[in-house]
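In: Sharing a model that was predicted from the sequence below.
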Amino acid sequence: MVVFSFLDWFWLVVFIVLMVFCGVLFYRLGKRSLSDFFLAGRGLPWWLPAASVYATHSATDTPIWISGVIYQHGLRGIWYTFFSAWCAISAFASTKIFRRSLAYTQAEWQNLRYSGMGAELLRGWIAGWQVFMNMFVLGWVGIAMGKLCNYLFGWHEWIGLILFSSLCAIYVLSAGYWGVIMADFQQGVIAFSVIVLVSIWGIVAAGGPQGITAKLESLSKTWRLNPFAFTGFASGEFPFVWFLTMLVIAVIGGFGMGTSIDWYPEAQRIQSAKTVRDASYSIWAGSALIVVRNSLWAVAILAFFTLYPQIQSTAEYEMAWYRLGFEFLPVGLVGFFFAAIVAIHLSTISTHLNLGASYATRDLYNHYFRPKASEKELVWAGRISTLILLIGSFFYGMMMQEITEWLIFAIWIMTAGIWLPSILQVIWWRFNAWGYLSSWIANLGLSWLVVWILPEFNIIPEMPDHIKFWIMMISGALIYIPITFLTKPENMDRLVKYYVMSRPLGWWKPVREEAIKRGLIDPKTLMLKEDKANELD
Amino acid sequence: MSWIKKHWTPEEADNWTKEDYISFVLSPLIYILIAIGVAFSLLLRWYGWVILGISVILLVIMLKIIDPKLKAVSEDYEEKQKQYLEDLEKITRWEE
């Protein structure tokens, strides 16, 4: 339990009022149109979505999860957090392609890339999945806040879950994405400053860099200072093949769309940037900040390890970074620290409330039920969807107990089986809607089987994560590749239109040749013919 | 860096070229160097600062290579965006 002084409460109340007010201030802009409510009118300079990328992916559960892996693995645990590196390539590959498509959401992009019934099924599937997934993330991040408030103040978990998500909903409901992005900017600045402050404070409390090194030497744990402390090529708890798998997933994943659960919020930020260039830089810079943040946290957790090296309970050492702040900061700064935690929390909650609502409104309500709805009606549909997501997240939150377990499951279910198809749909013209749809369905079944069911009944042994990844990727491919070849290629008119508009990279030769044949692209330079550009329709 | 093209027409910039491929290599490398460099710098290891320095140099090089191309794509695309947004509504409409 932590006892707050007057100054601590002062910081907290001032910050909450500032954050909520800052969001609500943009009410008039948010209600102008659907594009404003969900994309801030597609006119943001790169640094605003960049701050939002950073703020969104710094959630209350993030230091819990990072504390867990660093306490267990030392500095090599950095690579567990390296999945955000998919943005390194994406910024100059899939981000560029997606921004040029102008799709509001990833679900809508399916409608541009594919055609016919397959495209419609995919759009509905991804939209429905994203509504569920955002509600799920809201519940999982919300309950992390509930747990933290329980640890700090002894509150029942539901109080922290409901109180802070509801505060956040005030500005998301009123100003939509304008509120999200503006609040995210100041929350990102507050959060980053406090992460630096607490981490350095923790390092100093452990005796500084020399003290940390000396303590690790005395414990014979100097391997914890080595980010490349492999336990063998394929053996031990940190084999080289695991590291390689992680790098491949993160880095090559940047060529695709949807290879990471983070793609979906990033897709919204990409479309809200005012130009292709702004979109690229926002994704790159936001993720670079995340990489810096992870390293700051890693060294701070290493400091915590030297202070408390004997903790066995996962639940206890997962609170390492929070403990550094609450146990070592002086009175007055503790409230500042908690206000920053609230900032971290609200930035994630606001994004997922607005993002889930965008899929419910644009891809479900507007697309399937009310195609001729006015802008005013759609903004209201966005608000009602936001409210439904908020209430749903309370139920999900109360159902989740073990945060890390849920996080790992969510990553599996979203990554392994659809990782390669999510790349193929961007780089290979022949990959069709039926192939992609089947990969999703196969992935749901295979995730349950390989990760949960088969090991539970001892049909297959417990395997390391990287082996499970490759098994799921290959077994999934055995389903969706035959389905792709057994079904027709996408309609060539649609492919040509998509190719000329988005200029994807990879294997698009037949489509390019068709575009040349139709006189849309110059056969020698492969450049779009200006005089033919208007004939696309 | 005379082998790197500095002036692009929007149409030229539409194609995937060596400038893009160089960015694909440099960009993740910079992230890796930042991750290690920040950690070692906080631990006050001299090589941490060297690694961070290299990552900054590579970042400047990458931006010099890719920025002129991104600028050309963006400027041209902004002009066409309004028309494309109207097309988007037509292409993705449910009744189609």
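Out: Cool, got the structure.
In: Every contact and neighbour count from this point should use C-alpha atoms.
Out: OK.
In: Kindly report the residues of chain B close to chain A.
Out: B:11-12, B:14-16, B:20, B:23-24, B:27-28, B:31, B:34-36, B:38-39, B:42-44, B:67, B:70-71, B:73-75, B:77-78, B:84-85, B:87-88, B:91-94 (Cα under 8 Å from any Cα of the partner chain).
In: same thing but at 6 Å, please
Out: Within chain B, the residues that sit near chain A (Cα under 6 Å from any Cα of the partner chain) are B:11, B:24, B:27-28, B:35, B:39, B:43, B:70, B:74, B:92.
In: Figure out the helix or strand that residue A:214 lives in.
Out: helix A:208-218 (DSSP states H and E).
In: Counting neighbours, which bits of that helix end up buried?
Out: Going by neighbour count (16 or more other Cα atoms under 10 Å in any protein chain shown), the buried part of helix A:208-218 is A:208-209, A:211-213, A:215-216.
In: element containing the spatially closest residue to residue A:514 that is not a sequence neighbour, please.
Out: Using Cα to Cα, 6 or more residues apart in numbering or on different chains and skipping the chain neighbours, the partner closest in space to residue A:514 is residue A:496 (7.1 Å). Assigned by DSSP H and E, residue A:496 belongs to helix A:492-502.
In: For chain B, which residue occupies the most central location?
Out: Taking Cα atoms, centre = their mean, the centroid of chain B lies closest to residue B:66, which sits 5.3 Å from it.
In: ok, back up a step: which residues sit against the helix holding residue A:214?
Out: Helix A:208-218 is contacted by residues A:222, A:303, B:43 when judged by Cα atoms under 6 Å, 6 or more residues apart in numbering or on different chains.
In: Can you list which of these are found in helices?
Out: Assigned to helices by DSSP state H, the following of these qualify: residue A:303.
In: Identify the residues contacting stretch A:79-92?
Out: A:250-251, A:253-255, A:280, A:283-284, B:24, B:27-28.
In: Next, format those as a markdown table and append pLDDT.
Out: Below are these laid out as a markdown table (pLDDT from 0 to 100):
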| residue | pLDDT |
| --- | --- |
| A:250 | 88 |
| A:251 | 90 |
| A:253 | 92 |
| A:254 | 94 |
| A:255 | 96 |
| A:280 | 97 |
| A:283 | 96 |
| A:284 | 97 |
| B:24 | 96 |
| B:27 | 97 |
| B:28 | 96 |
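In: closest to residue A:14 among the contacts of helix A:208-218?
Out: For the contacts of helix A:208-218, the closest approach to residue A:14 (Cα to Cα) belongs to residue A:303, at 31.1 Å.
In: Tell me how many other residues surround residue 5.
Out: Looking at chain A here, since you left the chain open. Counted with other Cα atoms under 10 Å in any protein chain shown, residues neighbouring residue A:5 total 13.
In: that's the wrong chain, I meant chain B
Out: Residue B:5: 14 surrounding residues under other Cα under 10 Å.
In: Okay, residue A:174 and residue A:32: tell me how far apart.
Out: From residue A:174 over to residue A:32 the distance is 12 Å, taken as Cα to Cα, to the nearest Å.
In: List the contacts of the helix or strand residue A:476 falls within.
Out: Assessed by DSSP H and E, residue A:476 sits inside helix A:465-486. Here helix A:465-486 makes contact (Cα under 6 Å, 6+ apart) with A:242, A:416-417, A:435, A:438-439.
In: what about burial for these, which qualify?
Out: Among the contacts of helix A:465-486, the ones that count as buried by 16+ other Cα under 10 Å are A:242, A:416-417, A:435, A:438-439.
In: helices or strands up against the helix or strand hosting residue A:197?
Out: Following DSSP H and E, one finds residue A:197 within helix A:157-205. For helix A:157-205, the packing partners by 3 or more Cα pairs under 6 Å, 6 or more residues apart in numbering or on different chains; DSSP states H and E come out as helix A:6-24, helix A:27-30, helix A:34-39, helix A:47-56, helix A:116-153, helix A:276-307, helix A:333-358.
In: between it and helix A:47-56, how many degrees?
Out: Here helix A:157-205 runs at an angle of 100 degrees relative to helix A:47-56 (axes from the mean of the first three to the mean of the last three Cα atoms, to 10 degrees).
In: still on that earlier bit, out of the buried ones among the contacts of helix A:465-486, which are inside helices?
Out: With DSSP H as the criterion, helices contain A:242, A:416-417, A:435, A:438-439 from among the buried ones among the contacts of helix A:465-486.
In: Stretch B:6-13 - what's its average pLDDT?
Out: What stretch B:6-13 shows for mean pLDDT is 85.
In: Any regions of the chain where pLDDT drops low?
Out: Picking chain A for this. Along chain A, the parts satisfying pLDDT under 70 run over A:401-414, A:525-537.
In: you looked at the wrong chain, it should be chain B
Out: For chain B, the stretches with pLDDT under 70 are B:1-2, B:86-96.
In: Chain B: which of the ones in helices among the buried ones among the contacts of helix A:465-486 is nearest?
Out: Within those, proximity to chain B (Cα to the nearest Cα) peaks at residue A:242, which comes in at 16.1 Å.
In: Excluding residues flanking it in the chain, which one is nearest the closest one?
Out: In this structure, residue A:242 finds its nearest non-sequential neighbour in residue A:466, 5.4 Å apart by Cα to Cα, 6+ apart.
In: The one you found: neighbouring residues, count only.
Out: Neighbours of residue A:466 under the rule other Cα under 10 Å: 17.
In: what do you get for residue A:79?
Out: For residue A:79, the tally of surrounding residues (other Cα under 10 Å) stands at 22.
In: again, but for residue A:225
Out: 20.
In: Excluding covalently adjacent residues, which one is nearest to it?
Out: Residue A:225 sits nearest to residue A:75 (Cα to Cα, 6+ apart), 5.6 Å away.
In: For chain A, list the residues in contact with chain B, please.
Out: Residues of chain A that fall close to chain B, judged by Cα under 6 Å from any Cα: A:88-89, A:111, A:209, A:275-277, A:291, A:295, A:527.
In: got the angle for the longest helix anywhere in chain B vs helix A:492-502?
Out: Secondary structure of chain B per DSSP H: the longest helix is helix B:46-92. When the same axes, to 10 degrees is applied, the directions of helix B:46-92 and helix A:492-502 differ by 140 degrees.
In: So which elements touch helix B:46-92?
Out: Counting by 3+ Cα pairs under 6 Å, 6+ apart, helix B:46-92 packs on helix A:276-307, helix B:10-13, helix B:18-42.
In: what's the closest of the helices and strands packed on helix A:157-205 to residue B:48?
Out: Among the helices and strands packed on helix A:157-205, the nearest to residue B:48 by Cα to Cα is helix A:276-307 (11.7 Å).
In: so how far is the closest one from its chain's centroid?
Out: Put simply, helix A:276-307 sits 14 Å off its chain's centre (Cα atoms, centre = their mean, to the nearest Å).
In: Same question for stretch A:500-509.
Out: Centroid separation for stretch A:500-509 versus its chain: 26 Å, with Cα atoms, centre = their mean.
In: For it, buried residues please.
Out: Using 16+ other Cα under 10 Å as the test for burial, stretch A:500-509 gives A:500-505, A:508.
In: what two of those have the greatest distance between them?
Out: By the measure Cα to Cα, A:501 and A:508 form the most distant pair in the buried residues of stretch A:500-509, at 13.4 Å.
In: before we move on, the earlier item: got the contacts of helix A:208-218 as TSV, with distance to residue A:137 and neighbour count columns?
Out: As requested, the contacts of helix A:208-218 are exported to TSV (distance: Cα to Cα, whole Å; neighbours: other Cα atoms under 10 Å in any protein chain shown):
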residue	distance to residue A:137	neighbour count
A:222	36	16
A:303	30	32
B:43	34	20
